[in-house]
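In: sequence and computational prediction follow.
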Amino acid sequence: MSYNNYPIIAVGASITSISFIRTLRSHGDKRKVLLINGEDRLPYKRTKINKNMVRGFDKDEFKIADEKWYSENNVDLIYDRVIDVDQEVKKIRTRNNVEYSYDKLLISTGAVSVIPQISGVEKKEIHGVQNAHDVERVLEKSGTKDRFLIIGGGVEGIETADQLIRKGKKVILASRMKLPLQKLFPPKISATLKDAMLQKGVEFLSGVSVSSIQHIDGAYKVNLQGQVYQFDVIVACTGAVPNIDLGKKAGLEVEHGIVVDEYMQTSNKDILAAGDVAQHARGVVTGLWHAAEHQGALAAYNILKKPQAHTLPPYRLKTEVFGLYLFSGAYEDVVPGVDTEVEEHHGAITRFLYYMDESLKAAVFVNDQERAKTYQKALMERWNKDKVEQELPLPPAMSFSLFSS
Ligand SMILES: Cc1cc2nc3c(=O)[nH]c(=O)nc-3n(C[C@H](O)[C@H](O)[C@H](O)COP(=O)(O)OP(=O)(O)OC[C@H]3O[C@@H](n4cnc5c(N)ncnc54)[C@H](O)[C@@H]3O)c2cc1C
């Protein structure tokens with residue numbers, strides 16, 4: 001067994017660890033980093049993979065950084081998976097049976113998709129969309145198969161349905177929820193999305209839970225709401241949970257995610273955790289790209305001894321599906337009756353703004369894409385109602401002249 005010593009090791013090569021390294025380097029920290037990549041390609045923008053199924057993508061098309069960036073930044077990027085962490089002797093062990101010791105360890109192992117237990121099919125028959133390899137498998141299937149069952153009416157399910165419909169496939173989307181994206185949008189916007197999906201040909205089955213599927217002669221059958229549906233491929237978009245395996249093995253404090261303080265410190269002083277794997281105050285797990293990027297930077301500030309506290313910036317989600325642009329941004333859950341709701345419409349734009357004590361707490365809208373960054377700023381800076389009305393009027397302020405000068 002070979003053995004190596006590194007001042008800093010990061011497990012999981014994605015936006016959290018890259019942001020961590022970028023922050024170290026931008027503050028002049030030159031310590032060598034071992035970055036352990038559990039996937040088969042350069043770290044990439046995970047957010048792109050399921051949104052680009054129509055045209056497909058090359059292996060490293062969505063890379064976050066060029067290969068040379070790693071060597072230029074004193075990073076040893078290796079392709080392997082960590083299977084054990086021993087916090088007593090500060091060592092990790094990989095699947096290739098190599099041990100590495102660390103002074104500081106960052107666990108940024110992200111999330112793993114939840115593949116539901118369905119009687120009649122084995123889990124390996126159910127596809128996910130958590131990583132590029134998963135999406136490539138779905139794409140490969142779409143080359144020869146026509147009928148897809150997507151389970152899950154959240155963002156990934158809707159985006160995957162949109163892509164497969166655009167590829168000319170037949171799509172059944174089965175969701176436990178009554179309306180698509182109903183956790184992120186008020187019923188009116190979710191209903192607009194549902195109409196758009198139906199118009200494009202998605203068969204949307206709401207309020208259903210797929211618990212049993214028959215597999216006969218290469219095709220699948222499911223009985224839902226008294227009707228039998230047939231399809232060739234099952235894709236589960238049923239959410240993801242923090243990938244806490246290593247946290248457990250290391251004996252760290254683990255609940256839903258690896259528990260961290262506001263400086264991304266775990267229960268061990270030499271181990272940090274950040275990104276989708278981390279659990280913050282009040283049990284919050286973020287699950288979004290920019291949040292992971294932010295936390296990677298905070299983990300770096302911690303070991304740079306320039307600690308900056310995590311303040312849970314507002315989450316925001318943007319997606320373009322079925323001819324609609326949807327935006328949802330908020331600090332926390334909106335509480336009906338406590339938060340003031342302002343609903344406005346102009347042409348194809350519908351928006352809901354929520355205020356708490358006159359300051360903007362949440363903004364959700366359809367089709368006001370050009371001003372998405374301004375809404376984001378309004379949330380970050382907690383604009384008051386007057387400022388929102390002034391800077392983000394509906395209809396947009398326009399000035400024009402009938403006469404050209
Ligand atoms: C299909 C899809 C679409 C998304 N779209 C959006 C979007 O539009 N907007 C948005 O804000 N967010 C989106 N997200 C969420 C966003 O991608 C994540 O929040 C973000 O990638 C989290 O970054 P991370 O660095 O914490 O972990 P990840 O990006 O999940 O990376 C973790 C890495 O660790 C590796 N790993 C795990 N265990 C080990 C191990 N033992 N050894 C070595 N490596 C290991 C994994 O293989 C993976 O490469 C999407 C996610 C998915 C799956």
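Out: Here it is on my side, so go on.
In: which residue packs closest to residue 319, ignoring adjacent ones?
Out: Closest residue to residue 319 apart from its sequence neighbours, by C-beta to C-beta, 6 or more residues apart in numbering: residue 326 at 5.2 Å. Placement of C-beta: from N, CA and C, glycine included.
In: so the one you found, which state does it fall into?
Out: Classification of residue 326 using DSSP: H, G, I helix; E, B strand; the rest coil returns strand.
In: count of neighbours near it?
Out: 26 (other C-beta atoms under 10 Å).
In: could you do residue 255 as well?
Out: Per other C-beta under 10 Å, the neighbour tally for residue 255 reads 12.
In: with residue 318 instead?
Out: 15.
In: that one: which element?
Out: Using DSSP states H and E, residue 318 sits in strand 315-321.
In: do the same with residue 6
Out: Using DSSP H and E, residue 6 falls in strand 3-11.
In: buried residues in that strand, which are they?
Out: 6, 8, 9, 10, 11 (16 or more other C-beta atoms under 10 Å).
In: is any part of the helix or strand encompassing residue 140 close to the ligand?
Out: Element membership for residue 140 (DSSP H and E) is helix 132-144. No - residues of helix 132-144 are not located near the ligand by C-beta under 6 Å from any ligand atom, the shortest gap being 7.1 Å.
In: tell me how far that helix lies from the chain's centre.
Out: 19 Å (C-alpha atoms, centre = their mean, to the nearest Å).
In: packing partners for the helix or strand following that helix?
Out: Per DSSP H and E, the first helix or strand lying C-terminal to helix 132-144 is strand 147-151. Contacts defined by 3 or more C-beta pairs under 8 Å, 6 or more residues apart in numbering; DSSP states H and E place strand 147-151 against helix 155-166, strand 170-174, strand 227-231, strand 233-236.
In: I'd assumed residue 287 was in a helix, is it?
Out: No - counting by three-state DSSP, residue 287 falls outside a helix, being coil.
In: just give the nearest non-adjacent residue to it, would you?
Out: residue 276 (5.5 Å).
In: residue contacts, the one you found?
Out: 16, 110, 111, 240, 242, 243, 257, 285, 286, 287, 292 (C-beta atoms under 8 Å, 6 or more residues apart in numbering).
In: out of these, who's nearest the ligand?
Out: residue 110 (2.1 Å; C-beta to the nearest ligand atom).
In: assign the residue nearest to that closest one when sequence neighbours are not counted to helix, strand or coil.
Out: Spatial nearest neighbour of residue 110, excluding adjacent residues (C-beta to C-beta, 6+ apart): residue 276 at 4.5 Å. At residue 276 the chain is in helix, as set by three-state DSSP.
In: and residue 276, what's its pLDDT?
Out: Here, the pLDDT recorded for residue 276 equals 97.
In: and residue 283, by the same measure?
Out: 88.
In: leaving out sequence neighbours, find the closest residue to it.
Out: Nearest non-adjacent residue to residue 283 (C-beta to C-beta, 6+ apart): residue 256, at 6.2 Å.
In: sorry, back to before: reformat the helices and strands packed on strand 147-151 into CSV and put mean pLDDT next to each item.
Out: Conversion of the helices and strands packed on strand 147-151 to CSV gives the following (pLDDT from 0 to 100):
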stretch, mean pLDDT
helix 155-166, 96
strand 170-174, 97
strand 227-231, 92
strand 233-236, 96
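In: which residues of the protein lie near the ligand?
Out: 11-16, 36, 38-39, 46-47, 49-50, 81-82, 108-111, 129-130, 156, 243, 246, 275-276, 287-290, 292, 317.
In: please repeat the previous calculation with a cut-off of 5 Å.
Out: 12, 14-16, 36, 38-39, 46-47, 50, 81-82, 108-110, 129-130, 275-276, 288-289, 292 (C-beta under 5 Å from any ligand atom).
In: now, of the residues you listed, which are buried?
Out: Of the residues of the chain next to the ligand, these count as buried by 16+ other C-beta under 10 Å: 12, 14-16, 36, 38-39, 46, 50, 82, 108-110, 129-130, 275-276, 289, 292.
In: what about the helices in the stretch 1-150 of the chain?
Out: For the stretch 1-150 of the chain, applying DSSP state H, counting those that start in this stretch gives helices covering 15-26, 46-49, 67-72, 132-144.
In: count of residues packed around the residue nearest to residue 283?
Out: Residue 256, neighbours per other C-beta under 10 Å, totals 12.
In: wait, it touches residue 279, no?
Out: Yes - look at residue 256 against residue 279 with C-beta atoms under 8 Å: they come within range, at 5.4 Å.
In: any shared contact partners between those two?
Out: With C-beta under 8 Å, 6+ apart as the test, residue 256 and residue 279 both reach 242, 285.
In: sorry, back to before: now what about the strand holding residue 318, what contacts it?
Out: With C-beta under 8 Å, 6+ apart, strand 315-321 has contacts from 51, 155, 158-159, 161-162, 184, 193, 196-197, 286, 288, 290-291, 325-330, 369, 372, 376, 379.
In: equivalent analysis for stretch 44-54, please.
Out: 14-15, 57, 60-64, 129, 131-132, 135, 138-139, 142, 156, 159-160, 163-164, 166-167, 289, 319-320.
In: show the pLDDT at the residue most central in space within the chain.
Out: Nearest to the geometric centre of the chain sits residue 288, at 4.3 Å (C-alpha atoms, centre = their mean). pLDDT recorded at residue 288 is 89.
In: for it, what are its contacts?
Out: With C-beta under 8 Å, 6+ apart, residue 288 has these contacts: 315, 316, 317.
In: 6 Å instead?
Out: Going by C-beta atoms under 6 Å, 6 or more residues apart in numbering, residue 288 touches residue 315.
In: before I go, just wanted to say thanks for your time.
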